[in-house]
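In: below is the sequence, then the predicted model.
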Number of protein chains: 2
Amino acid sequence: MDKLRILLAEDHRILREGLKRLIAEQPNMEVVGEADNGVAAWQQAKELEPDIVLMDITMPRLNGAEATEKIRELCPQVKVIALTGHRASAYLNEVLKAGASGYVLKQAAIDELIDAIQTVAKGGTYIDSSSRESLVNSPLDDRVYKGEPQGKPLSQREIQVLSLVANGYTNKEIANELSISVKTVETHKANSMQKLDLKSRAEVVDYARFRGWT
Amino acid sequence: MDKLRILLAEDHRILREGLKRLIAEQPNMEVVGEADNGVAAWQQAKELEPDIVLMDITMPRLNGAEATEKIRELCPQVKVIALTGHRASAYLNEVLKAGASGYVLKQAAIDELIDAIQTVAKGGTYIDSSSRESLVNSPLDDRVYKGEPQGKPLSQREIQVLSLVANGYTNKEIANELSISVKTVETHKANSMQKLDLKSRAEVVDYARFRGWT
DNA sequence: GGCGATATCAGGGTTTTCCCTTAGGAATGT
DNA sequence: ACATTCCTAAGGGAAAACCCTGATATCGCC
């Protein structure tokens, strides 16, 4: 029986080494490569063609979503599982759109991670339970709180931008992060603020806290 | 020969489990307890009286610095090593002031962590090399060379201003709020950011969360 | 096909922030 | 008395954000 071949993309070496031990304990899994930045991640993926890439979302050089997209493009048979410490992350949609097959929190139990790997290896999709929750509760879902007169729902992109604004990122930083122009960031920011009737950056921060984006 | 008894305080379960494996590989170390938040950390420390606490500085309920302070107060013989992914020396000063004996980055190699544990267990202090660098390179701190405490505490006014900045208020709003000029706000903001080695608004937000200002 | 929503980007003018330096008065410490 | 720190404030130029309008392409949908 062949072992599942796994590539670790994670810039924190200590966590990476720990993951290696954890995966080594599984009878049907092995770590075949490691990368400590986004560029190395897709290069390794191309070279090694692993079954699964365990990808930290926040990494130097190229973020997890971009690296995922690149990997899906270069070698579609390689599945990507995103790993993050942020609960209800605004990046969930981004990584799913980028082609990730799994989304696991660092707070999760090992079994959940192992589960995710098994599920994805079989061709399935694994989304962390608390993040699933956050997807359902997102303004995307127009059946939530239908009694309330609150305005139009935010688009995914708007949520991303607004959440980054709330976390103190400048327009320029957001533009780089999402690989779009500053002008587009301004538009998304203005539109989402108008939709939510938020009049200042402080109100954005407040709203973000309320929504659990922090 | 007795093994070094280690308590893991880390909210990311996956990293915690990984650390457990890594430490188990060392012949003279063992993990005697775990905590996934700051309050549990000092409670466990008090109950188990480990030799070393490996403490993530970003944790729920009570941050790493506060938990460290509490532990040092309750059981002074227990040494604390801070573990973090942040390079900013603001955190370093904070945890050292709180009584930590070590500071290790998650980006570091395992050997460095093991080194840190050994060194601290022998009564020494271990500071991550790149963080040491950042302290030495700080133009403010000529005291580092003299071995004096390097913490540049913020003044009350600076804390006020920086906290408002972190909460999304503009300079103008802060000026109105505190009945001072925008120029004064700019000065306080710049001075406090320099003291803490914070380079962007996002880092300010991050630090504010770390300090519980949010 | 047309409609609406989304996502992207631009121009142009105004306001604000950022970054640098300088500086005075008050309180505190040696 | 002198040094240091704190709070206050300002000038000036560069950069960025803010605010308006308008534009194009895509996609799902009736």
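Out: Sure, I can see it.
In: quick one: the helices in chain A?
Out: Secondary structure of chain A (DSSP state H): helices located at A:13-24, A:38-48, A:64-74, A:91-98, A:110-121, A:129-136, A:156-166, A:171-178, A:182-196, A:201-211.
In: can you redo these as a markdown table with mean neighbour count and mean pLDDT?
Out: C-betas here are computed from N, CA, C, even on glycine. As requested, the helices of chain A are exported to a markdown table (neighbours: other Cβ atoms under 10 Å in any protein chain shown; pLDDT from 0 to 100):
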| stretch | mean neighbour count | mean pLDDT |
| --- | --- | --- |
| helix A:13-24 | 21 | 93 |
| helix A:38-48 | 20 | 90 |
| helix A:64-74 | 22 | 82 |
| helix A:91-98 | 21 | 70 |
| helix A:110-121 | 19 | 91 |
| helix A:129-136 | 14 | 53 |
| helix A:156-166 | 24 | 88 |
| helix A:171-178 | 18 | 88 |
| helix A:182-196 | 17 | 90 |
| helix A:201-211 | 18 | 85 |
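In: give me the phi and psi for whatever residue of chain A ends up closest to DNA strand C.
Out: Scanning chain A for the residue nearest DNA strand C gives residue A:155, at 2.6 Å (criterion: Cβ to the nearest atom of the strand). When read as degrees, to the nearest 10, the backbone of residue A:155 gives phi -80, psi 170.
In: how many residues are close by it?
Out: Applying other Cβ atoms under 10 Å in any protein chain shown, we find 16 residues neighbouring residue A:155.
In: what of residue A:63?
Out: 23.
In: how close does the closest residue to it other than its chain neighbours get to residue A:11?
Out: By the measure of Cβ to Cβ, 6 or more residues apart in numbering or on different chains, the closest residue to residue A:63 outside its immediate chain neighbours is residue A:38, 6.0 Å from it. Applying Cβ to Cβ, to the nearest Å, the value for residue A:38 to residue A:11 is 9 Å.
In: just residue A:41 next, same as before
Out: Using Cβ to Cβ, residue A:41 is found at 10 Å from residue A:11.
In: near residue A:124, how many other residues are there?
Out: Number of residues near residue A:124 (other Cβ under 10 Å) recorded here: 12.
In: just give the nearest non-adjacent residue to residue A:157, would you?
Out: residue A:188 (5.7 Å).
In: tell me the residues on chain A that lie near DNA strand C, please.
Out: With Cβ under 7 Å from any atom of the strand as the criterion, chain A meets DNA strand C at residues A:152-153, A:155-158, A:178, A:180-181, A:183-184, A:187-188.
In: just checking, residue A:188 touches residue A:159?
Out: No. Under the criterion of Cβ atoms under 8 Å, residue A:188 is not in contact with residue A:159, lying 9.3 Å apart.
In: what does the pLDDT read for the residue in chain A that DNA strand D sits nearest to?
Out: Nearest residue of chain A to DNA strand D (Cβ to the nearest atom of the strand) works out as residue A:170 at 2.8 Å. On the pLDDT scale, residue A:170 is placed at 90.
In: hmm, it is touching residue B:200, no?
Out: Yes. Assessed by Cβ under 8 Å, residue A:170 is found in contact with residue B:200 at 7.1 Å.
In: from residue A:71, how far out is the closest residue in space to residue A:214 that isn't next to it in sequence?
Out: The shortest distance from residue A:214 to any non-neighbouring residue, by Cβ to Cβ, 6+ apart, is to residue A:208 (5.7 Å). Computed as Cβ to Cβ, the residue A:208 to residue A:71 distance reads 30 Å.
In: excluding its backbone neighbours, what's nearest residue A:168?
Out: Closest to residue A:168 by Cβ to Cβ, 6+ apart is residue B:205, at 3.4 Å.
In: what's near enough to touch the one you found?
Out: Residue B:205 makes contact with A:167, A:168, B:166, according to Cβ atoms under 8 Å, 6 or more residues apart in numbering or on different chains.
In: rerun at 10 Å
Out: Neighbour list for residue B:205: A:166-169, A:205, A:214, B:165-168, B:198, B:213-214 [criterion: Cβ atoms under 10 Å, 6 or more residues apart in numbering or on different chains].
In: can you tell me which of these is closest to residue B:61?
Out: residue B:214 (14.2 Å; Cβ to Cβ).
In: hey, what's residue A:29 bridged with?
Out: Judged by DSSP bridges, the bridge partners of residue A:29 are residue A:4.
In: separation between it and residue A:105?
Out: Distance, residue A:29 to residue A:105, by Cβ to Cβ: 20 Å.
In: which one of these two is surrounded by more residues?
Out: residue A:105 (23 against 20).
In: that one touches residue B:14, doesn't it?
Out: Yes. Using Cβ atoms under 10 Å, residue A:105 is in contact with residue B:14, at 8.3 Å.
In: overlap of the contact sets of those two?
Out: A:83, A:85, A:112, A:113.
In: which among the residues you listed are in contact with chain B?
Out: Near chain B, taking Cβ under 10 Å from any Cβ of the partner chain as the test, the members of the shared contacts of residue A:105 and residue B:14 found are A:83, A:85, A:112, A:113.
In: now, which of these sits nearest residue B:63?
Out: residue A:85 (14.8 Å).
In: could you pull up phi and psi at residue A:170?
Out: Main-chain torsions, residue A:170, degrees, to the nearest 10: phi -80, psi 160.
In: ok, it touching residue A:164?
Out: Yes. When contacts are counted by Cβ under 10 Å, residue A:170 is listed as touching residue A:164 (9.3 Å).
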